[in-house]
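Undergrad: next input, structure requested:
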Amino acid sequence: MRLGFKVVSKSNTLFAHYSLPKLPSSLPQFPHSLPSVSKNFTFSGKKKSSLLVQRVGYKTETQLGDIMESEKEIQVLNRNLYPAIEPYSTGFLKVSDIHTIYWEQSGNPDGHPVVFLHGGPGGGTSPSNRRFFDPEFYRIILFDQRGAGKSTPHACLEQNTTWDLIDDIEKLREHLEIPEWQVFGGSWGSTLALAYSQTHPDKVTGLVLRGIFLLRKKEIDWFYEGGAAAIYPDAWEPFRDLIPENERGSFVTAYHKRLNSDDMETQYAAARAWTKWEMMTAHLLPNEENIKRGDDDDFSLAFARIENHYFVNKGFFPSDSFLLDNVDKIRHINTTIVQGRYDVCCPMMSAWDLHKAFPEADFKVVSDAGHSANEPGIAAELVAANEKLKNLLKNNGP
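TA: Below is the predicted model:
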């Protein structure tokens, strides 16, 4: 028996053509002991491909024909970042007596809305964030969370909690007159995306989550209390050495003290050390441009102060497993989870726990990546996840 297979490249889109021969009626069944692999759990990596199958018993030509039509053409999703674009509108929204948040819109003003939730917390948005989305299909909304980026007041911790941010997302949605939208978030953005969608599941048309962070104690301890130091001892030493030995029982607490000092130079020194530690571990291969962000005092201050504030307060969640405990509220939402295998900042254990609690979501493990959304393999999976949701919306409507 022969199976003809041909791959044709058309621009950036791949097409696969299958030529199916007639099968003999005596074709044996596959043994029932073959293991099955979930269609929702796949791996990706450079120069690697894998065929994932579920156990199927082939008995007749008719049954086989139901699975794959002869000469069927399968279109593979685009995985390339879109070209850089500029916003068509920007603004500031006052969300409390203290805070005003920056927002922007790009892409298609009449397109399907998608909101980008940045990481940190405190990281802010950047122009490159727009490139994960098809600008002809999506109305792309970015905003800086309280105290971050262009939002004011800068690095402010007052009235700055997860629940405040969830309220801000809703205020922004209403301000822009958007009935419902797709939600995209990575790292802390995945935390916020889960919390928001679990609070307002009726407002979410789809979820794309990257570098899963559930803000549990074991995740904080791994990265800030010495676990990740086993992999990056060189990057860990400057972070560790800023703190006297008698305060190293809790680095998060020791940094909290310095990031809230009355002396601004003490704050800046702690912010630089905190930020550089994360920037030096965010990529599988060192990224000098990313590491240099630790030298930017304005960025570092907001990034470190706000992150530390949320971590000291356990994300303002009522329990350690809060986000996993509430997965039932979003089980009906089309979701893709993208995780770098060698993510040191948000290790794969969290994505795996979410996958086990939420098996309905597509789970994409990138074999040659760390944490950053800008690593090629992760960026490709994020674009593909948005393309999948785009096609579902085109074919089925919201």
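
Undergrad: tell me, how many residues neighbour the residue nearest to E247 when sequence neighbours are not counted?
TA: Using CB to CB, 6 or more residues apart in numbering and skipping the chain neighbours, the partner closest in space to E247 is A254 (4.2 Å). Heads up, the C-betas are built off the backbone N, CA and C, glycines and all. A254 is flanked by 18 other residues according to other CB atoms under 10 Å.

Undergrad: which other helices and strands contact whichever strand or helix holds A254?
TA: If you go by DSSP states H and E, A254 is part of helix 251-259. Here helix 251-259 touches helix 217-224, helix 264-279, helix 297-312, going by 3 or more CB pairs under 8 Å, 6 or more residues apart in numbering; DSSP states H and E.

Undergrad: hey, which of these is tucked in deepest?
TA: Of all the helices and strands packed on helix 251-259, helix 297-312 carries the top mean neighbour count, a mean of 23, counting by mean count of other CB atoms under 10 Å.

Undergrad: give the other helices and strands that the helix or strand just after that helix contacts.
TA: As assigned by DSSP H and E, the chain's next helix or strand after helix 297-312 is helix 322-325. Helices and strands touching helix 322-325, by 3+ CB pairs under 8 Å, 6+ apart, are helix 188-199, helix 348-357.

Undergrad: how about the helices and strands packed on helix 251-259 in JSON lines, adding mean pLDDT and distance to H154?
TA: Output for these, formatted as JSON lines (pLDDT from 0 to 100; distance: least, CB to CB, whole Å):
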{"stretch": "helix 217-224", "mean pLDDT": "98", "distance to H154": "23"}
{"stretch": "helix 264-279", "mean pLDDT": "98", "distance to H154": "12"}
{"stretch": "helix 297-312", "mean pLDDT": "98", "distance to H154": "6"}
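
Undergrad: where does the stretch 51-200 of the chain dip in pLDDT?
TA: 51-75 (pLDDT under 70).

Undergrad: please export the C-alpha coordinates of the lengthiest helix in the chain as CSV.
TA: In terms of residue count, the longest helix belonging to the chain (DSSP state H) is helix 376-396. The C-alpha coordinates for helix 376-396 follow below in CSV (Å, rounded to 0.1, in the frame of the first residue of the first chain):
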residue,chain,number,x,y,z
PRO,A,376,10.7,32.6,17.5
GLY,A,377,9.0,29.3,18.5
ILE,A,378,6.7,30.9,21.0
ALA,A,379,5.8,33.9,18.7
ALA,A,380,4.9,31.4,15.9
GLU,A,381,2.6,29.5,18.2
LEU,A,382,0.9,32.7,19.5
VAL,A,383,0.3,33.9,15.9
ALA,A,384,-1.1,30.5,15.0
ALA,A,385,-3.4,30.5,18.0
ASN,A,386,-4.9,33.8,17.0
GLU,A,387,-5.2,32.5,13.4
LYS,A,388,-7.2,29.5,14.7
LEU,A,389,-9.6,31.7,16.6
LYS,A,390,-9.8,34.1,13.6
ASN,A,391,-10.9,31.1,11.4
LEU,A,392,-13.4,29.9,14.0
LEU,A,393,-14.9,33.4,14.1
LYS,A,394,-15.0,33.6,10.3
ASN,A,395,-16.7,30.2,9.9
ASN,A,396,-19.0,30.2,12.9
